[in-house]
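> model this:
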Amino acid sequence: MLSIKYSWQTTSQVGFERVILDRAGGEEASATSMVRHALESTFPYHAHQSRKTV
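The predicted structure follows:
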């Protein structure tokens with residue numbers, strides 16, 4: 001079994017961390033990432049200009 005260690009980064013939302021797997025572009029970039037959240041953490045509703053796949 002392959003064991004990969006990811007470098008989790010904190011986000012601006014308390015209790016949420018992410019790993020960027022791929023990123024294309026500069027300031028307005030498209031990224032593929034994994035997100036994890038702490039137990040009982042919440043994320044406020046927000047809209048996106050382009051598509052967002054979960």
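> Contacts only, for E17.
Listed by CB atoms under 8 Å, 6 or more residues apart in numbering, the contact set of E17 reads 8-11, 35-37. All C-beta spots, glycine's among them, are computed from the backbone N, C-alpha and C.
> farthest-separated two in these?
Taking CB to CB as the measure, these span a maximum distance of 13.4 Å, between Q9 and H37.
> These two - which one has more neighbours?
Set Q9 next to H37 and count neighbours by other CB atoms under 10 Å: H37 wins out with 15 against 11.
> if you skip the residues just before and after it, what's nearest to the more buried one?
F16 (5.0 Å; CB to CB, 6 or more residues apart in numbering).
> what's the neighbour count on the one you found?
With other CB under 10 Å as criterion, F16 counts 17.
> Leaving out the residues flanking it, which one is nearest to L21?
L21 sits nearest to T32 (CB to CB, 6+ apart), 4.7 Å away.
> so what's that neighbour up against?
20-23 are the contacts of T32 under CB under 8 Å, 6+ apart.
> One more: Y6?
Here Y6 is in contact with 19, 34 (criterion: CB under 8 Å, 6+ apart).
> Just the element for M34, please.
Using DSSP states H and E, M34 sits within strand 30-37.
> That strand pairs with which strands?
Here strand 30-37 is paired, per DSSP bridges, with strand 16-24 (antiparallel).
> Do I have it right that Q13 meets H46?
No. Counting by CB atoms under 8 Å, H46 is not a contact partner of Q13; they are 9.9 Å apart.
> The two: which has the busier surroundings?
Q13 (15 against 7).
> And the pLDDT at that one?
Note for Q13: predicted pLDDT of 90.
> And L2, by the same measure?
Confidence for L2, expressed as pLDDT, is 53.
> This completes my enquiry, with thanks.
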